[in-house]
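Asks: just need the structure, nothing else, for what follows:
(chains A and B)
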Amino acid sequence: MSWIDVGALEDIPLRGARLVKTPVGCVALFRTGEAEVFAASDRCPHKGGPLSEGIVHGRAVTCPLHNWVFSLETGEAQGADEGSIPTYPLRVENGRLLLDGDAVGRRAAA
Amino acid sequence: MTKKLVVIGAGMASGRMLESLIESDPAAYEITLFNAEPRGNYNRLMLSPVLSGEKTYAEIVTHDDHWYETHGIACRFGERVVEIDRDRKIVVGEKGAVPYDKLVIATGSDPFMIPLPGHDLEGVIPYRDLEDTERMMGLSAKPDAKAVVIGGGLLGLEAAAGMAARGVDVTVVHIMGHLMERQLDEAAGYLLRRALTDKGIKVMCSANSKEILGENGHVKALMLDDGTELPCDLLVMAVGIRPSVALAKSAGLAIGRGVHVDDRMVTSDADVLALGECVEHNGAVFGLVAPLYDQAKVLAQTLLGRDAAFQPKEVATKLKVTGCDLFSAGDFTEGEGREDIVFRDPARGVYKRLVLEGERLIGAVMYGDTADGAWFHGLIKDREDVSEMRDTLIFGPAFQGGAQADPMAAVAALPADAEICGCNGVCKGRIVEAVEGGATTIEDVRAVTKASGSCGTCTGLVEQVMALSLGDDFVMPTAKPVCGCTDLTHEDVRRLIKAQELKSQPAVWQELGWSTPNGCHVCRPAVNYYLLADWPLEYQDDPQSRFVNERNHANIQKDGTYSVVPRMWGGLTNARELRAIADAADKYGVPTVKVTGGQRIDLLGVRKEDLPAMWADLNEAGLVSGHAYSKGLRTVKTCVGREHCRFGTQDSTGLGVKLEKRLWGSWTPHKVKLAVSGCPRNCAEATCKDLGIVCVDSGFEIGVGGAAGMDLKEIQPLVKVATEAEAEEWSVAFVQLYREHAKYLDRPYKWIAKVGMDWVREALSNATERAALVARFDLSQTIYQKDPWAERAEPAAARRFQPLADLTLEAAE
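Replies: Numbers count the residues shown, from 1 in each chain, chains lettered A, B, ... in the order given. Reported below is the predicted structural model:
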């Protein structure tokens, strides 16, 4: 793994999300707790809705377009809907957000 | 010959180590004990009871002069160690050097002081030792003394509670969103905050300190970054500790965050050992006392040449903060594949949350009732498979084996004196009596017994008792709950937010027994609305509980772009505004420009990144957000009225503009559209609006509850008034009545169908009540009537509309 510093934890509002552009497409970084974050694809497999604009609750996000709910831990759609979104390793260290560069198709800058 | 041992630091770890050493072999060493504080070992954890007056210093001393004398320990208290000379194997104190064969560094930790401007003023102190404690105790001698504590962790709260117990006016300033965020989750943090508030301590979360203000070299106040000034005579900084490594570092020992030690507690020098809060072991540093005591035992054995190894254990934190029981263990935050079990008992102020991963319990947070903490901690430590007892796990060990599967059977089994409604002390027997006395509905029972009349969370239970008593005669009401997070209906939630004066989302989740940690996409926007509508001054709107359109102040389109609709007051515009709109359309490549049904212009297909800049441009021309995206006032449609029209009876355009200027920016349960027509020909289509005014020669006919969406509804007459001022007053009062009573996402026509048009007319016909409604509306507008575009065009806010990072750019660039 190659951890890339993509910003500060404080840049994401609690129960909110921010976007990072990567070679594999837009990745949404979700902050589900004071120091709990997840990274997943920003694109809802249903109609392509931007998940970073959804309401974050528990460890899940609801797509703003048609209310599909995804677990941020597994990427699986919840309830009756079927589908999943890719998830990516993301961690917090000293208040910084570290995203796994390998997983999103980019090596860390030397 | 007896070997020489020098110990630097007389804290809790060093005290325990000396005990252990002397117990094993009292003759092994000739001991010298340095301590910078002018006293020996005492129980630092007990400083808080000393501060609050429950204990005296004498009671918390663990080793007195007599003890040191008996064991022949040379005490050098009140003397700082200046240097460790490892080559000559001596420790140099302020009053002279001492040789050693073995040296133990137990320097503990230093309080971290935020380098705010003014942090060196007199009266700015940490909370670490007896001197600090005495400073705080001394404060209560001054009448009307005020103190500010920066830091809402354990130490800060104990300092605050201790001073408050002595009559000091205390404010806690905490940078994070809830108290003790490392030990507690948000809900438990809320309960703790409430308990502190009940004790008269002011708590400010998400508060950033900016500067400490002084007068004649003494602290005078703390200023926050929003400009708030908190006057104080003493400012206590309790924001964290750092291992105290300066001495070890200057002696050239290996240092990380703390002094590096191996499993035997030996540093990089074989004759120098270390323990306590100053060490780092396998990358970990230590703040709780349990592992320090383990270290003390290991270190004593190592000094005696015996084999021992320190192994950090999973630690649980069981704390009592100012009389509130807290417990947390394991990991209740980060990680994947986890599930929560949440239990809340609002009446008792109890909150429990278990975190499961697969078949195992990995974390627990408890507040109010921590009796089962040890049991949960055991399950976490032993990594026990809990899948068998999962359904009843949260009820603790007493409930394992023979759980009640059928809730009705459980209710049937309850004795007559079992308490059903905790708020009003109503037992099962009383409810059964009420039913036998003729009560057939929940309202009847509530009227006779008050059961479920206060917090309402026992409503389901009361209904079950009724069902058992009435048999087939009882039809369980099928009121629809807000969502899966609660059994309460929207109406219940609204009523309880008012009745219990719930003023934050965590308060609602806890007091009303939400089954999820923080709601879902259905209940969050509703609760957020109810709170801001009922407590405009106290509650702060939460953008993360809003649908995307209201968070971004633009309408999201199916391709992820947005539409931008500037406000045109009463449908009026001018050449300058139109030019600005045209320029913006050009500049940001707007593909579609459309005239809306609400008499304004829609710019469709704007990229999110462009929104703040586009808004700034439109603001420049005097255009503000049209709120075309909000559950709030949309438009006031007008016809040209008597200014130009030969049939016009009144200035319908002018009244429309006045209404729009008065009502814009307000949030409502659903969108609200108005129209004013200048004559009964009704060119503004006022008769299918949420509130429509039709002007006639003798005045203004106001109707409400129209719609032209999924349902087509004609307005129902509300009142006819003679003057424009009265028309405005009635309109505002109606909107406020709707704001205060309707269910979230009910348009006025749906709400009126539930409460009845007669009720609405009656509520508004009382002039005093009407004036009160208007006053409450105006109060709310002092907070909410602000152009959201202007606020978000500011650079700091605009940044949120950009990606956090772009990793598609090559590093080589």
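Asks: quick one: contacts for the closest residue to chain A within the stretch 451-600 of chain B?
Replies: In the stretch 451-600 of chain B, the residue that lies nearest chain A is residue B:521 (3.6 Å; C-beta to the nearest C-beta). Using the backbone N, CA and C atoms, a C-beta is placed for each residue, glycine as well. Applying C-beta atoms under 8 Å, 6 or more residues apart in numbering or on different chains to residue B:521 gives the contacts A:54-55, A:57, A:62, A:67, A:69.
Asks: measure it to residue B:545 for me?
Replies: 9 Å (C-beta to C-beta, to the nearest Å).
Asks: give the residues shared as contacts by the two.
Replies: By C-beta under 8 Å, 6+ apart, the residues touching both residue B:521 and residue B:545 are residue A:55.
Asks: got the domain ranges for chain B?
Replies: B:3-109+B:243-303, B:124-239, B:316-398, B:407-540, B:548-625, B:633-784 (automatic domain parsing).
Asks: gap between the residue of the stretch 451-600 of chain B closest to chain A and residue B:485?
Replies: From residue B:521 to residue B:485 the distance is 10 Å (C-beta to C-beta).
Asks: and what of residue B:374?
Replies: 30 Å.
Asks: ok, residue B:807 next?
Replies: Taken as C-beta to C-beta, the span from residue B:807 to residue B:485 is 36 Å.
Asks: coming back round to it: just put the domains of chain B in a markdown table and tack on distance to residue A:17.
Replies: Listed next are these as a markdown table, based on distance: least, C-beta to C-beta, whole Å:
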| stretch | distance to residue A:17 |
| --- | --- |
| domain B:3-109+B:243-303 | 31 |
| domain B:124-239 | 16 |
| domain B:316-398 | 17 |
| domain B:407-540 | 13 |
| domain B:548-625 | 11 |
| domain B:633-784 | 23 |
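Asks: check contacts around residue A:56.
Replies: A:15-17, A:30-32, B:544.
Asks: spatially nearest residue to it (excluding sequence neighbours)?
Replies: residue A:15 (4.5 Å; C-beta to C-beta, 6 or more residues apart in numbering or on different chains).
Asks: touching, the one you found and residue B:546? I think so.
Replies: No. The pair residue A:15 / residue B:546 is not scored as a contact, 10.9 Å apart, by C-beta atoms under 8 Å.
Asks: low-confidence ranges in chain B?
Replies: Within chain B, the ranges that satisfy pLDDT under 70 run B:1, B:314-323, B:332-336, B:398-410, B:422-424, B:453-457, B:473-479, B:810-813.
Asks: rerun at 50
Replies: In the predicted model of chain B, residues B:334, B:402-405, B:811-813 satisfy pLDDT under 50.
Asks: enumerate every residue touching the closest residue to residue B:740 other than its chain neighbours.
Replies: For residue B:740, ignoring the flanking residues on the chain, the nearest one in space by C-beta to C-beta, 6+ apart is residue B:533 at 6.5 Å. Each residue near residue B:533 by C-beta under 8 Å, 6+ apart is listed here: B:667, B:669, B:739-740, B:780.
Asks: between those residues, which has the most around it?
Replies: residue B:669 (26 neighbours; other C-beta atoms under 10 Å in any protein chain shown).
Asks: how much space separates that one from residue B:532?
Replies: Counting by C-beta to C-beta, the gap from residue B:669 to residue B:532 is 11 Å.
Asks: let me see the ranges of the strands in chain A.
Replies: Listed from the start of the chain, chain A has strands (DSSP state E) covering A:3-8, A:16-22, A:25-33, A:36-41, A:55-57, A:60-62, A:69-71, A:87-88, A:90-93, A:96-100.
Asks: neighbouring strands for the fourth one, and are they parallel or not?
Replies: In other words, strand A:36-41. The strands beside strand A:36-41 in its sheet (DSSP bridges) come out as strand A:25-33 (antiparallel), strand A:87-88 (antiparallel).
Asks: dump the longest one to PDB, restricted to CA.
Replies: In PDB, the C-alpha atoms belonging to strand A:25-33 read as follows (Å, rounded to 0.1, in the frame of the first residue of the first chain):
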ATOM      1  CA  GLY A  25     -12.700   7.900 -11.200                       C
ATOM      2  CA  CYS A  26     -14.200  10.100  -8.500                       C
ATOM      3  CA  VAL A  27     -13.800   8.700  -5.000                       C
ATOM      4  CA  ALA A  28     -15.900   9.900  -2.200                       C
ATOM      5  CA  LEU A  29     -14.500  10.200   1.300                       C
ATOM      6  CA  PHE A  30     -17.100   9.900   4.000                       C
ATOM      7  CA  ARG A  31     -16.800  11.000   7.600                       C
ATOM      8  CA  THR A  32     -19.200   8.900   9.700                       C
ATOM      9  CA  GLY A  33     -17.800   9.800  13.100                       C
END
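Asks: that strand: how far from the chain's middle?
Replies: Its chain's C-alpha centre and that of strand A:25-33 lie 3 Å apart, by C-alpha atoms, centre = their mean, to the nearest Å.
Asks: show me the contact partners of it.
Replies: Counting by C-beta under 8 Å, 6+ apart, A:6-7, A:9, A:12-21, A:37-43, A:50-52, A:56, A:58-59, A:61, A:72, A:88, A:90, A:97, A:99, A:104, B:185-186, B:333, B:803-804 sit against strand A:25-33.
Asks: ok, how many other residues are close to residue 102?
Replies: Answering for chain A, as no chain was given. Neighbour tally, residue A:102, other C-beta under 10 Å: 15.
Asks: could you do chain B instead?
Replies: 20.
Asks: ditto for residue B:484
Replies: Using other C-beta under 10 Å, residue B:484 has 12 neighbouring residues.
Asks: now it: phi and psi?
Replies: phi -70, psi -10 (degrees, to the nearest 10).
Asks: tell me which element the nearest residue to it once chain neighbours are set aside falls in.
Replies: Of all residues not flanking residue B:484 in the chain, residue B:520 sits nearest, at 6.9 Å (C-beta to C-beta, 6+ apart). Counting by DSSP states H and E, no helix or strand carries residue B:520.
Asks: doesn't residue A:54 make contact with residue B:520?
Replies: No. Counting by C-beta under 8 Å, residue B:520 stays clear of residue A:54, with 11.2 Å between them.
Asks: so between these two, which is more surrounded?
Replies: residue A:54 (27 against 20).
Asks: and that one, how far is that from residue B:548?
Replies: Distance from residue A:54 to residue B:548, by C-beta to C-beta: 7 Å.
Asks: overlap in contacts, these two.
Replies: Going by C-beta under 8 Å, 6+ apart, residues that sit against residue A:54 and also against residue B:548 are residue A:64.
Asks: assumed residue B:768 was part of a helix.
Replies: Yes. Assessed with DSSP: H, G, I helix; E, B strand; the rest coil, residue B:768 lies in a helix.
Asks: residue B:250: neighbour count?
Replies: 11.
Asks: what sits against it?
Replies: B:83-84.
Asks: surely residue B:760 touches residue B:717?
Replies: No. The criterion here is C-beta under 8 Å, and residue B:760 misses it with residue B:717 at 11.1 Å.
Asks: got the CA positions of stretch B:565-583 in PDB?
Replies: What follows is stretch B:565-583, C-alpha atoms only, in PDB (Å, rounded to 0.1, in the frame of the first residue of the first chain):
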ATOM      1  CA  VAL B 565     -32.500  30.200 -10.200                       C
ATOM      2  CA  PRO B 566     -32.000  33.800  -9.000                       C
ATOM      3  CA  ARG B 567     -34.900  35.400  -7.100                       C
ATOM      4  CA  MET B 568     -37.100  37.900  -9.100                       C
ATOM      5  CA  TRP B 569     -39.200  39.600  -6.500                       C
ATOM      6  CA  GLY B 570     -42.800  39.200  -7.500                       C
ATOM      7  CA  GLY B 571     -41.700  38.300 -10.900                       C
ATOM      8  CA  LEU B 572     -40.200  41.700 -11.600                       C
ATOM      9  CA  THR B 573     -36.800  42.100 -13.200                       C
ATOM     10  CA  ASN B 574     -34.800  44.700 -15.100                       C
ATOM     11  CA  ALA B 575     -32.300  45.100 -17.800                       C
ATOM     12  CA  ARG B 576     -29.300  45.000 -15.400                       C
ATOM     13  CA  GLU B 577     -30.400  41.800 -13.900                       C
ATOM     14  CA  LEU B 578     -31.100  40.200 -17.200                       C
ATOM     15  CA  ARG B 579     -27.700  41.300 -18.500                       C
ATOM     16  CA  ALA B 580     -26.000  39.700 -15.500                       C
ATOM     17  CA  ILE B 581     -27.900  36.500 -16.000                       C
ATOM     18  CA  ALA B 582     -27.000  36.500 -19.700                       C
ATOM     19  CA  ASP B 583     -23.300  37.100 -18.900                       C
END
